[in-house]
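Chemist: show me how the following folds:
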Amino acid sequence: MSLAVSAGVPGVAARPRGHRLGVSSRRRPRPAASGAAPGSPSARDDDACDVAIVGAGPGGLAAALALQRAGLDVRVFEQREAFKPAGVAIFIWPHGLNHLRAIDAATCDRVVRAGAEIRTIAIEQRDPDAGDDQEAEELVRIDVAGWSARMNLPPQIGITWARLTDALRRGLEPGTVALGHRLDAVETVADADASVLLRFAAPRAGGEAPAPCRVRHCVIGADGRNSRVRALAMMDEESAAEEDASSTEDASSRANVYYALAPNPPDGGCRNELRFSLCDGAGVSFLDVGRGNIGLNDDDDPGVMNASSSSSVAGGGGQLMFGTTRFGEAPRAFDAPEARLAHLAEAFATAAPLARRAVAATDPRDVVQTTLFEREAASRWIAGRCALLGDAAHCMYPSLGLGISTAFGDAEALAECLVGPGGALENAAREGKARREGVAKSEEGPLSVRDGVGVGGVGLGVASPDRSDVSAALARYERRRAPPTRALQTASRLMHGVLAATARRPATANRTGVDFAGLFFNAWGKLLWLAGDRGGNETRGTRR
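Modeler: Numbering: from 1, shown residues only. Sure, this is the predicted structure:
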């Protein structure tokens, strides 16, 4: 389970040194695009927006979708210069997709079609000394499809990061996401609105830095566990968090991670399942991701072929993500990709046959190596009109697979606090939506005040929101989301410890004393059974 969630994060990097949240009187002129009606999306100021979101990951894109659909002018700034398919894959819990469905049902449906439905989650332990004919001890099995049906939730899905973010971007207006924008400074402009100014660094390959962006209302940092927004706008809290993290790091919490996408064989593969196999001090995960990244750039709709089963992939193939979490393994460096793949082949010598077949079918250049980690939650999510979302606020171990689902929950709550009933930007969003609709109507004839559009495309009768109201709305968002995410981060940390301990658990014949791991999974299975999951948890511990 651990690998299937977030095997895409590198090790902790040193905090970048940037500018503190300061004051600047510098402003750029904001000419409207030539030949376009003022106020229309095509005439939008390229260096000004209502809300700026830093980071084009799933959480940032979901927040952009929610705020843009409400009527705000939203820009998303991403430091990468191109979206390239990678081997990382994730699974999204039904409640996470339910948050996305509340934001935009059509986008949620598109995401579901782009992935593979995960009907069951199974955790098992294998005896490293047993042969292939020795069945694993199943510790717990979760009937996710049954839970979704009983609670009227979307299905759980496995999906590659590239296909997920592609499906989310398709719900945004063209031009919303700007690539090649690495945040360099967050400043306050000395103008009537006390706007927030974002400055960007010059490209590493050389050239001029992108133009700054003046943000009228707020900035959302959704830029991951090495968040630039967290470092620049909340530098004091950032320093304390790093000191705490460095003082608590120990070898027991360290784990190397290797993962890749491999063909999902029609026979003996991984179908509609997430399976996590614990063996010899490591965890090996298998996740059905449907088509994976096959033909990612060839489809008008990223989900046209794959409804709820990877069997809809041509020829019954598709891809699975496989990987291993090597609990307690010291950092390793390899001279060549072939050496890294050989290390995996050696590590998988006693693993499930599917793991060995996956390694044999993998190009050495496709294996990604990283380090598993967590980061202490931000002590504050808010600084003025800057707020954090997702891993930028609460990067947690992937042991429970909650990263994306929690980020979607953040995005929904943020939108409700800003543009929901009584939100600080509710009227501004309504005005923006009327302005967009009014521009569309202008092609049919002259506009009047009753259309909600005034002279020059500016709405009438709606005052600009006070910046203190925006700050108060962001503070409500923090109060709503910080407590549950801290609890989930703690639960993920505990589950990481359980999985690491169980991976080192002796084979059945060699166990002595109290089997705490067995008691834990036994209790988990009985709780599932009592809650209505009759997927075999009453016979936990059987071989399969």
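Chemist: just the endpoints, please. Distance across stretch 349-363?
Modeler: 18 Å (C-alpha to C-alpha, to the nearest Å).
Chemist: buried ones in it, by neighbour count?
Modeler: By neighbour count with 16 or more other C-beta atoms under 10 Å, stretch 349-363 contains the buried residues 350, 351, 352, 354, 355, 356, 357, 358, 359, 362. Quick note: C-beta positions are derived from backbone N, CA and C, even for glycine.
Chemist: got a list of contacts for that stretch?
Modeler: The contact list for stretch 349-363 (C-beta atoms under 8 Å, 6 or more residues apart in numbering) reads 126, 128-129, 132, 136, 260, 262-263, 265, 268-270, 277, 279-280, 284, 286, 320, 322, 324, 341, 344-345, 348.
Chemist: check these for burial and list the buried ones.
Modeler: Using 16+ other C-beta under 10 Å as the burial test, the contacts of stretch 349-363 include 126, 136, 260, 262-263, 265, 269-270, 277, 279-280, 284, 286, 320, 322, 324, 341, 344, 348 as buried.
Chemist: among these, which lie within helices?
Modeler: Among the buried ones among the contacts of stretch 349-363, DSSP state H puts 341, 344 in helices.
Chemist: show me the buried ones among the contacts of stretch 349-363 that map onto strands.
Modeler: Mapping the buried ones among the contacts of stretch 349-363 onto strands (DSSP state E) picks out 260, 262, 263, 277, 279, 284, 286, 320, 322, 324.
Chemist: the last one bridge partners, please.
Modeler: With DSSP bridges applied, residue 324 shows beta-bridge pairing to residue 258, residue 284.
Chemist: contacting residues for it?
Modeler: Going by C-beta under 8 Å, 6+ apart, residue 324 touches 3, 257-259, 282-285, 344, 347-348, 351, 355.
Chemist: now, which of these sits nearest residue 391?
Modeler: Using C-beta to C-beta, residue 257 comes nearest to residue 391 of the contacts of residue 324, at 15.8 Å.
Chemist: let me see the confidence value for residue 416.
Modeler: pLDDT, residue 416: 97.
Chemist: what's near enough to touch the closest residue to it other than its chain neighbours?
Modeler: Excluding its sequence neighbours, the residue lying closest to residue 416 (C-beta to C-beta, 6 or more residues apart in numbering) is residue 423, at 7.0 Å. Applying C-beta under 8 Å, 6+ apart to residue 423 gives the contacts 416, 417, 429, 473.
Chemist: measure residue 423 to residue 77 for me?
Modeler: To residue 77, residue 423 is 23 Å away according to C-beta to C-beta, to the nearest Å.
Chemist: next one: residue 177
Modeler: Counting by C-beta to C-beta - residue 177 and residue 77 are separated by 8 Å.
Chemist: more neighbours, these two?
Modeler: Legend: neighbour count by other C-beta atoms under 10 Å for residue 177 and residue 77, higher for residue 77 (25 against 22).
Chemist: and the closest residue in space to the more buried one that isn't next to it in sequence, what helix or strand is that in?
Modeler: Leaving aside its chain neighbours, residue 77 sits nearest to residue 181 (3.9 Å; criterion: C-beta to C-beta, 6+ apart). For residue 181, there is no host helix or strand (DSSP states H and E).
Chemist: how about residue 102?
Modeler: Residue 102 is part of helix 94-103 when elements are defined by DSSP H and E.
Chemist: so after that helix, what's the next helix or strand?
Modeler: On the C-terminal side of helix 94-103, the closest following helix or strand by DSSP H and E is helix 105-114.
Chemist: just the angle for that next one relative to helix 94-103, thanks.
Modeler: On the basis of axes from the mean of the first three to the mean of the last three C-alpha atoms, to 10 degrees, helix 105-114 is oriented at 140 degrees to helix 94-103.
Chemist: tell me what helix 105-114 is packed against?
Modeler: Helices and strands touching helix 105-114, by 3 or more C-beta pairs under 8 Å, 6 or more residues apart in numbering; DSSP states H and E, are helix 94-103, strand 157-160, helix 161-169.
Chemist: please enumerate the strands of the stretch 301-450 of the chain.
Modeler: Remark: strands assigned in the stretch 301-450 of the chain by DSSP state E, counting those that start in this stretch are 319-327, 368-372, 382-383, 386-388.
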